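>>> Build me a model:
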Amino acid sequence: METYTGKSIFNGIATGKILFFQKGQQPVTRVKIQDTEAELKRYEEASSLAAEQLNALYEKAVREVGEVNAAVFEVHAMMLEDDDYVESIRNMIATQQVNAEFAVASTGDNFAKMFQDMEDEYFSARAADIKDISERLVNILSGKDSSEGIGEEPVIVVADDLAPSETVQMDKEKLLAFVTRYGSANSHTAILARTMNIPALIGVEISESWNGKMAVVDGYTGTLYVDPDEETLNRMEQKQEEDKKARELLLELKGKEDITAGGKKIRLYANIGGVKDVGSVLANDGAGIGLFRSEFLYLESEDYPDEETQFQAYKTVVENMAGKKVIVRTLDIGADKQVDYFHLDKEENPAMGYRAIRICLDRKEIFRTQLRALLRASAYGDLAVMYPMIISVNEVREAKAMVASIKKELDEQGISYGDVEQGIMIETPAAVMISDLLAQEVDFFSIGTNDLTQYTLAIDRQNMKLDNIYDSHHPAVLRMIQMTVENGHKQGCWVGICGELGADLTLTETFIQMGVDELSVSPSFILPIRKKIREMK
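Residues are numbered from 1 along each chain as shown. Sure, this is the predicted structure:
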């Protein structure tokens, strides 16, 4: 038996054979072409087919992992049509008289290297996307099926790394777990794994010689056992059975209150990325939606979504939640969420740049359209709005003034709206330090622990080189949460947590002791947290 360790990105136990996943691209040979027009046409046809495949992947990902996680395939589709990328390929075919496969592969390598060498982490990460779309084109041109599955037998997939398209194409019924050498805990693939409830490890020194061997992935300890002995197999099978029983017991908690044995109640809400995620909230008995990421409407659109499109989306969610609270975060793009038609300038440090509320207050017509749609939808249920990336009282007052102005417009037009709570995301140290002042302006706070940790520790959460020192349990982060709760409560402002830290069961008791009023988490975490809450004294 061989034992290997890595970083777990989702808990669970998986036992089965290893499939060493090989990248699909074949070696590309340079071939002299006489008829360049015919070769250009062949490239155009391959590009069209690639676009169709990406659209199909997007639809599949939306069904399985939600709109936000599926957005990567829209990014790939846009890259496929990028003028510089396309012109480079066409120019190589026409001037160098080379085959389309070679032109695509060369351009892909050149562009990936260019992105990889950029200091900005967001743009550096796009190198993998360029490789993915180039590989797809080469496979189509060479007649290789890039969507081949993982076979009929359930397997543990082992690979150097996995592109999002590769992960989504795998049959979830046949995928027991995956183990990769590379990858970040915040990568697209890691997010997909968590959403799909699949045990997964990253940072493991893998070997192609494992192919076909029996293995066990222990997502709780971050351990991979290759060719496990009988004692280890029995121990892991018992652990797996206990895990299964624990999950079944959780279902018995549906319909129960989120209250400690000592009588402390807490609101247990869900984070969603789009309309289609509501079913998962209801299935897991969420008491409401604490974070509706409205940017999915912009990410999936080719132009600014109009008021009616947004209204219908918000209205659908509010109606489906049937009176339960729905908190919509206003547009939060920029940083790692880019939308072409916003024409945002390249920034050296986009995580601290032109994003979220800064864009909304600068481009007021975009913001007014969203606020009108939200207010109109509030007539159909309990809808609240919260503003992201706040650093000053003036930002809040400006947003509130726009809401007041729009309410006046709606009154004049005879359009009804509800009693809308307004809150803010606490995700910057600045917001924490003036939370006593901010609490006088709003109804609630929602602490975004992902960005709060990033900004407090000065650590880019997208940079896998820093995963080992990215510590969301850092005393500074916890003190900031405590300070926010105390300052909020002094002004009658309720306080929730909507970042991933809210789902950390090791901190549930700490948060409740701090006085946190609400936890908003991925739907699959609701029942485990309910169990933890109800066991507390």
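
>>> longest single strand anywhere in the protein?
When secondary structure is assigned using DSSP state E, the longest strand within the chain turns out to be strand 13-20.

>>> contact partners of it?
Outside of strand 13-20, the residues within contact range by C-beta atoms under 8 Å, 6 or more residues apart in numbering are 150-151, 153-159, 176-177, 198-199, 206, 208, 210-220, 226, 233, 236-237, 239-240, 243. Every residue, glycine included, has its C-beta placed from N, CA and C.

>>> Sort out for me which of those are in helices.
If you go by DSSP state H, the contacts of strand 13-20 have 233, 236-237, 239-240, 243 in helices.

>>> looking at the residues you listed, which has the most residues close by?
Using other C-beta atoms under 10 Å as the neighbour definition, the ones in helices among the contacts of strand 13-20 reach their maximum at M236, which records 19 neighbours.

>>> How much space separates it from T15?
The gap separating M236 from T15 is 6 Å, by C-beta to C-beta, to the nearest Å.

>>> go on, A51?
When distances are taken as C-beta to C-beta, A51 and T15 turn out to be 39 Å apart.

>>> and if you look at N110?
Taken as C-beta to C-beta, the spacing of N110 relative to T15 amounts to 43 Å.

>>> TSV for the ones in helices among the contacts of strand 13-20, including distance to V278?
Converted to TSV, these look like this (distance: C-beta to C-beta, whole Å):
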residue	distance to V278
L233	40
M236	36
E237	36
K239	34
Q240	31
D243	27
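
>>> Closest one of the residues you listed to H489?
For H489, the closest of those turns out to be D243, at 37.5 Å, with distances computed as C-beta to C-beta.

>>> Spatially nearest residue to the closest one (excluding sequence neighbours)?
I13 (5.7 Å; C-beta to C-beta, 6 or more residues apart in numbering).

>>> residues near the one you found, how many?
Counted with other C-beta under 10 Å, residues neighbouring I13 total 22.

>>> I'd like to know how far it sits from D171.
In this structure, I13 and D171 are 20 Å apart, going by C-beta to C-beta.

>>> Then E295?
From E295 over to D171 the distance is 30 Å, taken as C-beta to C-beta.

>>> Report the separation between D471 and L457.
Counting by C-beta to C-beta, the gap from D471 to L457 is 7 Å.

>>> Check A377 too.
The gap separating A377 from L457 is 37 Å, by C-beta to C-beta.

>>> Those two: who's more crowded?
When A377 is set against L457 and neighbours are counted by other C-beta under 10 Å, the residue ahead is A377, at 25 against 17.

>>> which one's the longest helix in the protein?
For the chain, the longest helix by residue count, based on DSSP H, is helix 36-65.

>>> Against which helices or strands is that helix packed?
Helix 36-65 makes packing contacts with helix 67-80, helix 83-96, helix 100-116, helix 121-141, helix 164-169, helix 188-195 when contacts are defined by 3 or more C-beta pairs under 8 Å, 6 or more residues apart in numbering; DSSP states H and E.

>>> List the buried residues in the longest one.
So the one you mean is helix 121-141. 121-123, 125-141 (16 or more other C-beta atoms under 10 Å).

>>> how about the helices and strands packed on helix 36-65, which one is nearest A373?
Closest to A373 of these is helix 67-80 (C-beta to C-beta; 17.0 Å).

>>> which helices and strands does the closest one pack with?
Counting by 3+ C-beta pairs under 8 Å, 6+ apart, the packing neighbours recorded for helix 67-80 are helix 36-65, helix 121-141, helix 164-169, helix 188-195, helix 296-299.

>>> mean pLDDT lowest for which of the ones you listed?
Note on these: helix 188-195 shows the lowest mean pLDDT, a mean of 62.

>>> moving C-terminal of that helix, what's the next helix or strand?
Remark: after helix 188-195, the chain's next helix or strand is strand 200-202, criterion DSSP states H and E.

>>> Could you give the separation of that following strand from the chain centroid?
The chain centre lies 17 Å from the centre of strand 200-202; the measure is C-alpha atoms, centre = their mean, to the nearest Å.

>>> so what strands line up beside it?
In the sheet, strand 200-202 lines up against strand 7-10 (antiparallel), strand 175-180 (parallel) (DSSP bridges).
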